[in-house]
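J.: This is a predicted model, with the sequence first.
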Amino acid sequence: EPEVTQTPSHQVTQMGQEVILRCVPISNHLYFYWYRQILGQKVEFLVSFYNNEISEKSEIFDDQFSVERPDGSNFTLKIRSTKLEDSAMYFCASTRDSYSNQPQHFGDGTRLSIL
Amino acid sequence: AQKVTQAQTEISVVEKEDVTLDCVYETRDTTYYLFWYKQPPSGELVFLIRRNSFDEQNEISGRYSWNFQKSTSSFNFTITASQVVDSAVYFCALSEGNSGNEKLTFGTGTRLTIIP
């Protein structure tokens, strides 16, 4: 069964550094998402992306965050200048469209640790 | 604004007991989707079920069953004859709109521990 893949599984970064989290959505999917989960807390929506543009973003997704689909297969989340509070598990998800009756498929996540 | 409440933070039951996880949601939309995801200790999110707001039929899948009641805005999840492998955090989630592609709003999760 096709999967959403995320790399790396664990990223350790110094505060203030830029970090890029990578995701390869399922190949025929059209809608892409990033969510984050601070340790022990609920999963929170960050951003959704469709047709090469952001379709919705949350309050968390401020100017420090950006997303990109650089080559038609990867979907990246960049944090420009990381803060301690960015430490969390980041999940990428994708879905095809409303007609396929498919749920959002999640990757296994990237654990981001800011030192 | 959409909201999902999972009032049970933690539940522990002895193996083979039945257990019900509660989920109450709030939305102004007449069309929406409800979901349950399982997060085992390894951390990934495993999709369990998706229901749309027009389909109030209860669903059973093996030991799992779901009770959707629009009148009480609830979408409860029951595990019958629980097993140790069911130990995980379970999240209920809501997606507004009729496309099914809108963002998911998650509840705070219920940590289920099955005691052998």
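T.: On my side now, so go ahead.

J.: hey, where'd the helices end up in chain B?
T.: All residues of chain B lie outside helices when identified by DSSP state H.

J.: for the residue nearest to A:Pro25 when sequence neighbours are not counted, what are its contacts?
T.: Excluding the flanking residues, the one nearest A:Pro25 by C-beta to C-beta, 6 or more residues apart in numbering or on different chains is A:Ser94, at 3.4 Å. Where you see a C-beta, it was placed from the backbone N, CA and C, and this is true even at glycine. For A:Ser94, the contact set (C-beta atoms under 8 Å, 6 or more residues apart in numbering or on different chains) comprises A:Val4, A:Pro25, A:Ile26, A:His29, A:Tyr31, A:Phe32, A:Tyr33, A:Phe75, A:Gln104, A:His105.

J.: Look at the fourth one and say how many residues are nearby.
T.: What that stands for is A:His29. By the criterion of other C-beta atoms under 10 Å in any protein chain shown, A:His29 has 19 neighbours.

J.: Against A:Ile79, how distant is the closest residue to it other than its chain neighbours?
T.: Using C-beta to C-beta, 6+ apart and skipping the chain neighbours, the partner closest in space to A:His29 is A:Ser94 (3.9 Å). Distance, A:Ser94 to A:Ile79, using C-beta to C-beta, to the nearest Å: 20 Å.

J.: Next: B:Phe54.
T.: Relative to A:Ile79, B:Phe54 is positioned 39 Å away (C-beta to C-beta).

J.: which of these two has more neighbours?
T.: A:Ile79 (19 against 10).

J.: Skipping its backbone neighbours, what lies nearest the residue nearest the centre of chain A in space?
T.: Chain A has A:Trp34 as the residue nearest its centroid, 3.1 Å off, counting by C-alpha atoms, centre = their mean. Excluding its sequence neighbours, the residue lying closest to A:Trp34 (C-beta to C-beta, 6+ apart) is A:Leu46, at 4.3 Å.

J.: With pLDDT and secondary structure as added columns, please give the contacts of A:Ser94 in a markdown table.
T.: Converted to a markdown table, these look like this (pLDDT from 0 to 100; DSSP: H, G, I helix; E, B strand; the rest coil):
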| residue | pLDDT | secondary structure |
| --- | --- | --- |
| A:Val4 | 94 | coil |
| A:Pro25 | 94 | coil |
| A:Ile26 | 91 | coil |
| A:His29 | 89 | coil |
| A:Tyr31 | 92 | strand |
| A:Phe32 | 94 | strand |
| A:Tyr33 | 96 | strand |
| A:Phe75 | 96 | strand |
| A:Gln104 | 87 | coil |
| A:His105 | 90 | strand |
